[in-house]
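**Q** Only the shape, not the letters, is given here:
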Ligand SMILES: NC(=O)CC[C@H](N)C(=O)O
């Protein structure tokens with residue numbers, strides 16, 4: 001069946017539905033450039049309510065297995081590809097891409113001219129789009145939901161044992177962040193994003209991790225005083241949305257990039273190691289460099305492609321924040337040392353540059 005992707009810029013792209021479209025779906029349209037990793041991308045909560053376009057022309061060729069999930073379910077509003085493979089060739093394959101998305105009632109649009117579509121997004125910037133079976137666009141409404149609430153855990157959960165006790169504040173965490181901590185011997189308590197600081201104190205954490213998550217960080221502005229209290233008190237590692245929240249909590253500012261960074265090969269300069277790392281990324285917003293002037297942070301990481309801020313360290317306190325994803329999945333593992341550095345910091349109670 002034919003369906004149409006109407007962009008807020010006025011352009012329409014058509015494709016064939018590989019899963020049913022019960023009612024029209026709308027969301028912010030973004031693109032991911034990695035050649036592999038679609039299973040992790042679909043289940044990364046940071047993509048909540050977004051329509052994802054895969055630029056690699058063949059998606060689904062290793063199917064969906066039971067291992068490589070970043071959370072319990074897919075979060076994208078819809079997936080758009082050029083060609084979706086019906087067969088998966090991974091040794092652990094359980095479903096085809098279409099079977100998996102059909103199970104979760106998520107539309108998969110195939111045979112779309114993804115090169116032309118991505119050029120349009122690059123020109124116009126990330127925008128709202130609507131997927132419908134009608135060739136005529138409806139009036140588009142701006143996304144007003146609050147996606148962090150939809151993906152954050154509702155109750156505390158504990159994983160791993162022994163080791164330092166890390167509280168992971170869940171704005172929509174990826175399983176690989178939890179695994180990166182547990183595999184390094186931590187006990188991790190995952191808490192809802194709006195847990196009161198006193199309730200976190202009661203858990204007696206040795207360190208805090210602020211997770212990734214969907215949406216505009218400013219939607220969480222009511223939480224900033226609580227976040228500031230917490231990060232000033234405990235050794236902290238903040239990832240992606242978490243990093244943006246650290247900046248906002250200190251009175252710096254964020255802005256939206258034209259079409260964001262999504263992919264598995266973003267080069268980032270680490271000013272401490274004096275090296276370029278290849279990183280996995282998925283974000284629309286960035287911390288404005290100018291807004292960090294006069295703030296107690298040094299910019300440690302810089303994106304080589306566009307010079308944007310990719311991470312900061314507090315000058316005095318053990319707070320480290322990164323815009324990219326050190327846990328990778330999908331993507332290169334160059335920056336796994338960030339977790340080691342954080343845990344050395346936790347052990348010492350003061351910052352360590354490994
Ligand atoms: N991966 C993330 O945490 C994304 C952060 C935020 N939602 C952004 O798009 O910038």
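**A** On my side now, so go ahead. Just so it is clear, the structure is predicted and the values come from calculations on it, not from any experiment.

**Q** residues from the stretch 201-350 of the chain in reach of the ligand?
**A** Within reach of the ligand by C-beta under 6 Å from any ligand atom, the stretch 201-350 of the chain has these residues: 212, 213, 214, 215, 240, 241, 282, 283, 284, 285. All C-beta atoms are positioned from the backbone trio N, CA, C, and that covers glycine.

**Q** quick one: which helix or strand includes the fourth one?
**A** Spelled out, it's residue 215. For residue 215, there is no host helix or strand (DSSP states H and E).

**Q** Go ahead and confirm it touches residue 148.
**A** Yes. Counting by C-beta atoms under 8 Å, residue 215 touches residue 148, with 6.0 Å between them.

**Q** could you measure the residue nearest the centre of the chain against residue 135, distance?
**A** Taking C-alpha atoms, centre = their mean, the centroid of the chain lies closest to residue 46, which sits 3.8 Å from it. From residue 46 across to residue 135, the span is 31 Å (C-beta to C-beta, to the nearest Å).

**Q** Same question for residue 115.
**A** Taking C-beta to C-beta, one finds residue 115 at 21 Å from residue 135.

**Q** Kindly report the same for residue 188.
**A** Distance, residue 188 to residue 135, by C-beta to C-beta: 49 Å.

**Q** So for those two, which sits in the more crowded spot?
**A** Counted by other C-beta atoms under 10 Å, residue 188 and residue 135 do not tie: residue 188 has more neighbours, with 24 against 11.

**Q** For the more buried one, give its distance to the ligand.
**A** 18 Å (C-beta to the nearest ligand atom, to the nearest Å).

**Q** go on, residue 167?
**A** According to C-beta to the nearest ligand atom, residue 167 and the ligand sit 18 Å apart.

**Q** That residue looks like it's in a strand, true?
**A** Yes. Judged by DSSP: H, G, I helix; E, B strand; the rest coil, residue 167 forms part of a strand.

**Q** Just list whatever residues bridge to it.
**A** Taking DSSP bridges as the rule, residue 167 bridges to residue 189, residue 208.

**Q** who's in contact with it?
**A** Residues near residue 167 by C-beta atoms under 8 Å, 6 or more residues apart in numbering: 188, 189, 191, 200, 203, 205, 207, 208, 209, 234.

**Q** out of those residues, who's nearest residue 255?
**A** When the contacts of residue 167 are ranked by distance to residue 255 (C-beta to C-beta), residue 209 comes first, at 24.6 Å.

**Q** give me the number of residues near the closest one?
**A** Here the number of neighbours of residue 209 (other C-beta under 10 Å) works out to 27.
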